[in-house]
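Chemist: Return a 3D structure for these sequence lines:
(chains A and B)
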Amino acid sequence: MRLILREALQSFRRAPLLSVLSITTIAFSLFTIGLFGLVAINMREALRDVGARVEVVAYILRGTPLESITVAAQDISAFPEVLAVDYIDEEQALAQAQAELVEFRDAYRDLRVNPLPASFEIQLKEGFRGADDVAAVAERVGGFGFVEDVRFGREWIERLDQIRNIAGLVGLVIGIAFAAVAVVIIGTTIRMAVLQRAREIMVMRLVGATDWFIRGPFLLEGAIKGMLGGILSIGLAYGTFLAFSRNTTALSGLVFFDPIHLVAGVLFGIALGLGGSLVSVGRHLKDV
Amino acid sequence: MIRFQSVTKVYAKGEVALQDVSFRVSKGEFLFLTGHSGAGKSTILKLLHAEQRPTHGDVRVSGFLVSRLGRSEIPRLRRRVGVVFQDFRLLEDRTAEENVAFALEVTGAKAETISSRVMRVLTQVGLASKMKSFPPELSGGEQQRVAIARALVNDPPILLADEPTGNLDERASRGIFKLLRDINVGGTCVLMATHNLELVRHAPYRTIELRNGAVVFDSAEEDRTAEAAT
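Modeler: Residues are numbered from 1 along each chain as shown, chains lettered A, B, ... in the order given. As a prediction, this is how the structure comes out:
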């Protein structure tokens, strides 16, 4: 084991340029994936904010007894999809309208009778903000006898669904493409390192080293390179993230990766390094 | 120690390298393999350390049946068969000492025994004073001595030498040949492929001559025939 470690480390000493090249290649490949990942998680974050504004409004018939309304509000709160139910009575509705619809403020002020109905404003839990769930809740709420009408902006919720699906799909495809390119580039770099040491492999085989003994240093070397590349890519991504979030006010509230994502990134780097080495050395062991 | 039995070797491109070759080599014997380039000398050596497998027939080396050797058994065979080549095949970025030690390290020898074994074998080949030199700093003859030391350090009962003097001048060639003879005297079976007929003619060793992949002359057979005649 000590020998494997020594041989792996010596390869960095013997071919520093090639080692640096491999590490930066791995780092930049992972960095590209990382940048894309950052865009993806920030987009998801933004869509989540928009999604939080999805709500169902149920208008209540004038003259409905308050007890019925209270009981109904409790029922609706108990729906699995529902986050919160707000009861807005006629007075509050008028006050809200006066506050929000500035253009009609005068018209509302002169009213003798309040034309606005009372309503439930129903907020939905995350994960139940898709068009189908919202429609299902709306239908159930519409089932109460005293509910006159239910509104939930069907069109824009469907549009939001579409955007979410497209973003997810595009993200998946581009992510896979980037990862594939990274694997190919890293495999090539490691193969170069293996070719550079073809003579050593030949001698090892000649004197009767076992296959695993020959692979050992290369695998360790690949894993170390992958790890260093992974760490470097996180540094690059963080640098880019800082530069963006400091210099643009339009993109305030950007989020960076969770620690779990970062660990996964480094592990992915190690896996790439290991995989690339395994394939390259394996092919070479057959060749020599 | 070595037995070839009706061995035929056809390479992937259809080139027939050996055709129905049979011979035996006893423990501690010294054997020359001669013949023109492409006659099949190198193929015999490759079969002996499992770099190639026979297409037909059996090759037995030191208790291993090369024809049916599993991949994991190949390293065990190779530790019992030392090999040297015309082009030395040394690692140029390691000293003579490191080159020899490498062969022990990668076969899992105990670390504390390595330096004494390396020292012993480098002394045997006459290079103890140059153990810290890198191959490019050594002459061809000296490099071949390092390669021989590396081949011997695992104490193999068989040493294969593929044109070991091919790149060397007359004087260095004689030195290497003398070293191989000394090694043989020590009990190691030596197979030397060469087309240096000068060496062959003046040495009292068995010679097998190959032509187009077939044995055309075996001095041991001649001796046997001569004995039978008298």
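
Chemist: list the contacts for the nearest residue to A:Glu81 once chain neighbours are set aside?
Modeler: Beyond its immediate neighbours in the sequence, the residue positioned closest to A:Glu81 (CB to CB, 6 or more residues apart in numbering or on different chains) is A:Phe128, lying 3.8 Å away. For the C-beta atoms, the positions are set from N, CA and C on the backbone; glycine is no exception. Residues touching A:Phe128, when contacts are defined by CB atoms under 8 Å, 6 or more residues apart in numbering or on different chains, comprise A:80-81, A:134, A:137.

Chemist: From the residues you listed, pick the one nearest chain B.
Modeler: The shortest gap between chain B and any of the contacts of A:Phe128 belongs to A:Pro80, at 59.1 Å (CB to the nearest CB).

Chemist: Quick check, pLDDT for that closest one.
Modeler: Per-residue confidence (pLDDT) for A:Pro80: 87.

Chemist: Now do the contacts for it.
Modeler: By CB under 8 Å, 6+ apart, A:Pro80 lies in contact with A:125, A:128.

Chemist: quick one, phi psi at the residue nearest to A:Glu81?
Modeler: Per-residue torsions, A:Phe128: phi -120, psi 30 (degrees, to the nearest 10).

Chemist: one step back: filter the contacts of A:Phe128 down to the ones in helices?
Modeler: Counting by DSSP state H, the contacts of A:Phe128 place A:134, A:137 in helices.

Chemist: and the residue in the stretch 1-150 of chain A positioned nearest to chain B, how many neighbours?
Modeler: Closest residue of the stretch 1-150 of chain A to chain B, CB to the nearest CB: A:Leu3 (5.2 Å). Burial measure for A:Leu3: 15 neighbouring residues, criterion other CB atoms under 10 Å in any protein chain shown.

Chemist: could you say which helix or strand contains the closest residue in space to B:Glu105 that isn't next to it in sequence?
Modeler: Once flanking residues are discounted, B:Glu105 sits nearest to A:Leu3: 5.2 Å by CB to CB, 6+ apart. Under the criterion DSSP states H and E, the helix or strand holding A:Leu3 is helix A:2-14.

Chemist: tell me which strands and helices that helix is in contact with?
Modeler: On a contact count with 3 or more CB pairs under 8 Å, 6 or more residues apart in numbering or on different chains; DSSP states H and E, helix A:2-14 meets helix A:211-247.

Chemist: same thing but at 10 Å, please
Modeler: Helix A:2-14 is packed against helix A:16-51, helix A:154-196, helix A:198-206, helix A:211-247, helix B:96-105, with contacts defined by 3 or more CB pairs under 10 Å, 6 or more residues apart in numbering or on different chains; DSSP states H and E.

Chemist: Need those in JSON lines (columns: mean neighbour count).
Modeler: Shown next, in JSON lines, are the helices and strands packed on helix A:2-14 (neighbours: other CB atoms under 10 Å in any protein chain shown):
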{"stretch": "helix A:16-51", "mean neighbour count": "18"}
{"stretch": "helix A:154-196", "mean neighbour count": "15"}
{"stretch": "helix A:198-206", "mean neighbour count": "20"}
{"stretch": "helix A:211-247", "mean neighbour count": "20"}
{"stretch": "helix B:96-105", "mean neighbour count": "24"}
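
Chemist: quick check: mean pLDDT across the longest helix seen in chain B?
Modeler: Using DSSP H, we find that the single longest helix of chain B is helix B:170-185. The predicted model gives helix B:170-185 an average pLDDT of 94.

Chemist: pLDDT score for A:Arg112?
Modeler: A:Arg112 carries a pLDDT score of 71 in this model.

Chemist: Tell me the secondary structure at it.
Modeler: When the structure is split into helix, strand and coil by DSSP: H, G, I helix; E, B strand; the rest coil, A:Arg112 lands in coil.

Chemist: what number of residues lie near it?
Modeler: When neighbours are defined as other CB under 10 Å, A:Arg112 has 4 of them.

Chemist: Then B:Gln86?
Modeler: 18.

Chemist: That one and B:His195, how far apart?
Modeler: In this structure, B:Gln86 lies at 11 Å from B:His195, with CB to CB, to the nearest Å as the measure.

Chemist: what touches both of the two?
Modeler: Contact with both B:Gln86 and B:His195 is made by residues B:163, B:165-166, according to CB atoms under 10 Å, 6 or more residues apart in numbering or on different chains.

Chemist: check which helix or strand covers the residue nearest the centre of chain B.
Modeler: Nearest to the centroid of the C-alpha atoms of chain B, with distances taken as CA atoms, centre = their mean, sits B:Leu160, at 0.8 Å. Remark: B:Leu160 resides in strand B:158-162, with elements defined by DSSP H and E.

Chemist: what's the angle from that strand to helix B:170-185?
Modeler: Counting by axes from the mean of the first three to the mean of the last three CA atoms, to 10 degrees, strand B:158-162 points 160 degrees away from the direction of helix B:170-185.

Chemist: mind checking which helix or strand of the chain has the lowest mean pLDDT?
Modeler: With no chain named, the answer covers chain A. None of the helices or strands of chain A scores lower by mean pLDDT, DSSP states H and E than helix A:105-109, at a mean of 71.

Chemist: Surely B:Ser26 touches B:Ile2?
Modeler: Yes - between B:Ser26 and B:Ile2 there is a contact at 8.5 Å, judged by CB atoms under 10 Å.

Chemist: what bits of the stretch 151-288 of chain A have low per-residue confidence?
Modeler: For the stretch 151-288 of chain A, applying pLDDT under 70 flags the ranges A:248-252, A:284, A:286-288.

Chemist: Might you enumerate the residues of it proximal to chain B?
Modeler: A:197, A:199-200, A:202-214, A:216-217, A:285, A:288 (CB under 10 Å from any CB of the partner chain).

Chemist: ok, now with 7 Å
Modeler: A:199-200, A:202-204, A:206-210, A:213 (CB under 7 Å from any CB of the partner chain).

Chemist: Tell me the one among these nearest to A:Ala73.
Modeler: Nearest to A:Ala73 among those is A:Phe213, at 73.3 Å by CB to CB.

Chemist: Can you classify the closest residue to A:Asp86 other than its chain neighbours by secondary structure?
Modeler: Nearest-residue entry for A:Asp86: A:Glu121, 4.4 Å, with adjacent residues in sequence omitted and distances by CB to CB, 6+ apart. The local conformation at A:Glu121, judged by three-state DSSP, is strand.

Chemist: is A:Glu121 in a bridge, and if so with what?
Modeler: When bridges are taken as DSSP bridges, the partners of A:Glu121 come out as A:Val57, A:Asp86.

Chemist: What is the burial count for it?
Modeler: Using other CB under 10 Å, the number of residues around A:Glu121 comes to 14.
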